[in-house]
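Enquirer: A structural model of the following input is requested.
(2 chains, ligands or ions: 3)
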Amino acid sequence: MAQMAMVMHLDRCIGCHTCSVACKQVQSTAEGLEYAWFNNVETRPGRGYPHAWDEREATGAGWVRASSGTLRPRGGGRLASLAQIFAAPGTPVLAAYDDPVAEALRSRVAGPAPETMGGARGPEPVRSPAPRDSVADDAVLAHLSEHVTADLAETFSFYLPRLCEHCLNPACVAACPSGAMYKRVEDGIVLVDQHVCRGWARCVPACPYKKVYLNPVTGKATKCTLCVERIEAGEPTLCSDTCVGRLRYIGLVLYDADKVEAAAAVADPHDLLDAQRDVILDPNDPDVVAAAERSGIPEEWVMAAQWSPIWQLVSRFRVALPLHPEYRTLPMVWYVPPLSPVVDVVAATGADGEDFATLAAAFEQLAGPVDYLAEMFAAGAREPVTEVLRRLAAVRAVTAGSSGSSGSSGAGASGAGASGAASPGPTTSARPARGRRGGPDPAVARAVGLDPGELTELHQLLTKADYADRNVIPEAYAASAQALAELGCSLDEDGGPGMGAAAPPGAGPAVVAPAGGGPAAGGPAGDGPAAGTVEATRGGRFNLLGWTGRGRPHQLFPAPAPSPARPASPSHPPSHPPSPK
Amino acid sequence: MTSATDVLLWGVLPYVSFVLLVAGTVWRARRDRASWSARPTGLAEARLLRWGSPLFHYGMLAVVLGHVAGLAVPASWTAAAGVTDHAYHLAATWLGTVAAAATIVGLVILLYRRATVPRVRTATTRGDVVMLVLLVTSVVVGTWATVQLQLVDGGYDYRTTVSPWFRGLWLLQPDPSLMHGVPFVLGLHVVAALVLFALWPFTRLVHAFVAPVPYVARPYVVYRSRGGAA
Ligand code: HEM
Ligand code: SF4
Ligand code: SF4
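Expert: Ligands and ions are numbered 1, 2, ... in the order given. Sure, this is the predicted structure:
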């Protein structure tokens, strides 16, 4: 099946809240939703919004793996959940959502008290929304040692924009007793049917990201819709469209619906990240393409999946990580963890934070920041985080043009895991020679398991991606009845992940056949989609919207003809020329 | 024997109430699904709710079951099943008392919460107030009737008056004379309940009709197609 997903490149977030405000003004203006920010930006380490939302044990959120190996919502199975229906325990109270700004400002503007706040008059604010006094309340810090905590509070901070994760294994949907919440077959967007919602409020505590909001005026649950009407029209979400840092990427991934449940139920939380990556299929694999077509996914969608920046960042370059994979909901908003605050911590020790070898070595030693990011994005496993940070440091080296000499520091960097060979000390004095002009230092690229061309591509995608590169969104389609029937089967099987169309079991193939594992561990799979492949598999049509600027699709640059063939979407022209290979 | 008041209260009111209950529910289901909700208030206050609501609801569900048993099942059936009158009364009275106590304690907590927690208070509609007044009347008068008649006065056999009357209503053979002379408190309880039923579809009580029973047999994750085919 296909899933619309998002990646956020956290290094670029300046914490301006433009996204939140754009979202607020359109999506949650209803009376009763004053407190709700479908998109919020929080400072981490920090208290979060709502307070300590990632304190999952306390709120009965996400899924737990029973000793039998099956999953059950942490808030309780079906009967246990119904037994608690009369007072949905674990629902955060309004104060945990931070008193809305109007309340916080009341004493200063001395105006009349706002009459409505969740349908009621609010109290005086007791805490300010400023991050300063909230570090101590950080739920992730509670997992780390005291010594680390004190260090981190002093030196380390970044912004974390959050919205509904449109999970592959949504705990909110599982907890909804009325069946009002559902995941869309076509694009995986998780929605609430307002006419079926009865206000049982079980979804609110069940979501580990606390991204379902009850409207006390209507008595119904509401949430981020991923701006569904915009996405259907091929437009990015408001938060993405307005983002000042241009750090949000939106695109499709193809995934294997039959693998979801097993992936969410792997025993060791440290394996969850790889399991989640494995659910995502390689859109360039002919088997995957064939299976997608069989299940009724249109050509344009398969193409969009092939050009998806999400697939590039998550599966090919493996630099995007899920937020708290240990909740086992398989969240589909991914994050490129922030390198800058880590560099700041390194620089604070007097070392050269711009030097690749220095940084690569520091990641192995640095406790606080890496541990914190590991708790946040990898269920506490350090390796996936250091792997990403090293790639980001390599990208940074390309930008700086000082990517380490091929001498001592290069050797240190390319040594297995740069295991302490290059300590921060010695390399600082000798500022390495500049890499080849316009291209990355091959030693640095090799040190992070990429070839120089790939590193250039990653650099391009992370630092210079334009609108059309960041947003590859095909227009909506509706799954045909026949495709749905097949889907229904595959989902309705005993122990299958969910309920689809009512179809007689036993007939029809799986939605998307498994394609033999995900990207090979350690090294990303070959080149990105080549224009030639697209031409061959897509009947000669070319999607300009999804063109990332690589290759020379002949439709765009016909050899003899002087003018380009009809552009699919003139409003989003690719901005940069094909990179030389 | 049967006065005009009797006919009105025990012959007409039940049917008016029933028609309003059914027609109102159908109307609501067709025209106003968007507001069909339990209207939860956990966002405003959690501690009192956590005690009050389960106490009230579990108590109330037991009370409803008790009423079904007492009103719908003829005395001859239980007798045939070998339950003596005495055993029946003992069970009904004591189980009923426990259920009523839970209901009342829960209701008191919920009402206290509604009155004193500002956000819950503001979220209370006029419909809620009317509903709560009728609900409290039914519950309190009903409990009072039980205590008065069964415990203090030493027993009143409603299974020869109220119950046959109630079953007659369903068989379209209303017999108001059966209700002539029932103790005042018991009559008041029945009338309050009938009025509550009449207004039921227009209040938040409709949530009781959509109790999510199918959930127990549903796969956890629900998928739907954009085309609406699922
Ligand atoms: C059997 C299925 C029922 C379920 C699942 C159910 C569930 C709920 C829920 C979730 C609430 C909201 C609690 C809150 O957050 O404020 C509620 C409130 C309420 N329910 Fe029910 N209920 C059921 C049956 C009933 C029945 C049979 C009655 C009455 C005869 C009833 C009377 C009420 C009242 C009066 C409230 C409002 C309480 C307050 O003042 O806060 N419910 N119910
Ligand atoms: S993040 Fe979104 S999809 Fe996932 S459990 Fe929460 S509300 Fe549901
Ligand atoms: S608009 Fe972009 S840069 Fe600004 S807070 Fe939101 S995500 Fe960060």
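
Enquirer: quick check, central residue of chain B?
Expert: residue B:64 (6.0 Å; CA atoms, centre = their mean).

Enquirer: can you spell out which helices and strands pack onto the host helix or strand of it?
Expert: Here residue B:64, judged by DSSP states H and E, is contained in helix B:47-67. Secondary-structure packing of helix B:47-67 (3 or more CB pairs under 8 Å, 6 or more residues apart in numbering or on different chains; DSSP states H and E): helix B:85-116. Using the backbone N, CA and C atoms, a C-beta is placed for each residue, glycine as well.

Enquirer: the helix or strand following the helix it packs on packs against which elements?
Expert: The helix or strand immediately downstream of helix B:85-116 is helix B:118-122, counting by DSSP H and E. Where contact means 3+ CB pairs under 8 Å, 6+ apart, helix B:118-122 is packed against helix B:85-116.

Enquirer: I'd like the mean pLDDT over the helix it packs on, please.
Expert: When pLDDT is averaged over helix B:85-116, the result is 90.

Enquirer: near chain A, anything from that helix?
Expert: No - figure legend: helix B:85-116 not in contact with chain A (CB under 8 Å from any CB of the partner chain); closest approach 9.1 Å.

Enquirer: could you give me the buried positions within that helix?
Expert: Of the residues in helix B:85-116, B:88-89, B:92, B:96, B:99-100, B:102-104, B:106-107, B:109-110, B:113-114 count as buried by neighbour count, 16 or more other CB atoms under 10 Å in any protein chain shown.

Enquirer: do the same with stretch A:451-458
Expert: Buried, per 16+ other CB under 10 Å, within stretch A:451-458: A:452-458.

Enquirer: so where do the helices sit in chain B?
Expert: Remark: helices assigned in chain B by DSSP state H are B:4-7, B:13-31, B:47-67, B:75-80, B:85-116, B:118-122, B:126-146, B:162-170, B:184-199.

Enquirer: what does the stretch 251-400 of chain A give?
Expert: A:260-264, A:272-279, A:286-294, A:299-306, A:309-311, A:340-348, A:356-365, A:368-377, A:382-400 (DSSP state H, counting those that start in this stretch).

Enquirer: for the one residue in chain B that gets nearest to ligand 3, what are its contacts?
Expert: Here the residue of chain B nearest ligand 3 is residue B:43; by CB to the nearest ligand atom that distance is 25.6 Å. Applying CB atoms under 8 Å, 6 or more residues apart in numbering or on different chains, one finds that residue B:43 lies in contact with A:91-94, A:118, A:214, A:216, B:119.

Enquirer: which residue in these has the weakest pLDDT?
Expert: Within the contacts of residue B:43, pLDDT is lowest for residue A:118, at 47.

Enquirer: on that earlier part again, now the helix holding residue B:64, how far from the chain's geometric center?
Expert: 11 Å (CA atoms, centre = their mean, to the nearest Å).

Enquirer: got the CA positions of it in PDB?
Expert: Output in PDB follows, covering the C-alpha atoms of helix B:47-67 (Å, rounded to 0.1, in the frame of the first residue of the first chain):
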ATOM      1  CA  ARG B  47      -9.700  13.000  39.400                       C
ATOM      2  CA  LEU B  48     -13.400  13.300  40.300                       C
ATOM      3  CA  LEU B  49     -14.500  12.000  37.000                       C
ATOM      4  CA  ARG B  50     -12.400   8.900  37.500                       C
ATOM      5  CA  TRP B  51     -14.400   7.900  40.500                       C
ATOM      6  CA  GLY B  52     -17.800   9.400  39.800                       C
ATOM      7  CA  SER B  53     -18.400   8.300  36.200                       C
ATOM      8  CA  PRO B  54     -17.600   4.600  36.600                       C
ATOM      9  CA  LEU B  55     -19.500   4.400  39.900                       C
ATOM     10  CA  PHE B  56     -22.500   6.000  38.300                       C
ATOM     11  CA  HIS B  57     -22.400   4.100  35.100                       C
ATOM     12  CA  TYR B  58     -21.800   0.600  36.600                       C
ATOM     13  CA  GLY B  59     -24.500   1.300  39.200                       C
ATOM     14  CA  MET B  60     -26.900   2.500  36.500                       C
ATOM     15  CA  LEU B  61     -26.300  -0.500  34.200                       C
ATOM     16  CA  ALA B  62     -27.100  -2.800  37.100                       C
ATOM     17  CA  VAL B  63     -30.200  -0.700  37.900                       C
ATOM     18  CA  VAL B  64     -31.300  -1.000  34.300                       C
ATOM     19  CA  LEU B  65     -30.800  -4.800  34.300                       C
ATOM     20  CA  GLY B  66     -32.800  -4.900  37.600                       C
ATOM     21  CA  HIS B  67     -35.700  -3.100  36.100                       C
END
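
Enquirer: okay, the angle between it and helix B:126-146?
Expert: Compare the direction of helix B:47-67 with that of helix B:126-146 by axes from the mean of the first three to the mean of the last three CA atoms, to 10 degrees and you get 50 degrees.

Enquirer: so is helix B:47-67 next to ligand 1?
Expert: Yes - contact of helix B:47-67 with ligand 1 (CB under 6 Å from any ligand atom) involves B:49, B:53, B:57, B:60-61.

Enquirer: nearest to ligand 2, of the helices of chain B?
Expert: helix B:47-67 (22.3 Å).

Enquirer: near ligand 2, which residues of the stretch 301-450 of chain A?
Expert: Residues of the stretch 301-450 of chain A lying near ligand 2 (CB under 6 Å from any ligand atom): residue A:329.

Enquirer: next one: chain A
Expert: Counting by CB under 6 Å from any ligand atom, the residues of chain A that sit close to ligand 2 are A:164-167, A:170-172, A:190, A:207, A:209, A:211-212, A:223, A:329.

Enquirer: which ones among those residues lie within helices?
Expert: Per DSSP H, the subset of these in helices is A:171-172.

Enquirer: tell me the two of the residues of chain A next to ligand 2 that are most distant?
Expert: The span of the residues of chain A next to ligand 2, defined through CB to CB, is set by A:223 and A:329 at 13.7 Å.

Enquirer: out of these two, which sits in the more crowded spot?
Expert: Taking other CB atoms under 10 Å in any protein chain shown, residue A:223 and residue A:329 do not tie; residue A:329 has more neighbours (30 against 24).

Enquirer: now the more buried one: closest residue in space that isn't a chain neighbour?
Expert: Using CB to CB, 6 or more residues apart in numbering or on different chains and skipping residues adjacent in sequence, the residue nearest residue A:329 is residue A:167, 3.8 Å away.

Enquirer: who touches the one you found in this structure?
Expert: A:190, A:329-332.

Enquirer: from these, pick the one nearest ligand 2.
Expert: For the contacts of residue A:167, the nearest to ligand 2 is residue A:190 (4.0 Å; CB to the nearest ligand atom).

Enquirer: okay, the closest one: pLDDT?
Expert: So, for residue A:190, pLDDT stands at 96.

Enquirer: that one reaches residue A:182, doesn't it?
Expert: Yes - contact criterion CB atoms under 8 Å: residue A:190 and residue A:182 qualify, at 7.3 Å.

Enquirer: the two: who's more crowded?
Expert: residue A:190 (26 against 23).

Enquirer: ok, now which ones touch the more buried one?
Expert: A:164, A:166-167, A:170, A:172-173, A:181-184, A:223 are the contacts of residue A:190 under CB under 8 Å, 6+ apart.

Enquirer: and which of these is nearest to residue A:475?
Expert: For those, the nearest to residue A:475 is residue A:184 (14.7 Å; CB to CB).

Enquirer: tally of neighbours for the nearest residue to the closest one once chain neighbours are set aside?
Expert: Excluding its sequence neighbours, the residue lying closest to residue A:184 (CB to CB, 6+ apart) is residue B:226, at 5.7 Å. Here the count is done by other CB under 10 Å, and residue B:226 has 18 residues near it.

Enquirer: residue numbers of chain A in contact with ligand 1?
Expert: Near ligand 1, when you scan chain A using CB under 6 Å from any ligand atom, you find A:85-86, A:200.

Enquirer: now with 8 Å?
Expert: A:82, A:85-88, A:199-201 (CB under 8 Å from any ligand atom).

Enquirer: didn't residue B:20 look like it was pressed against residue B:195?
Expert: No - the criterion here is CB under 8 Å, and residue B:20 misses it with residue B:195 at 9.7 Å.
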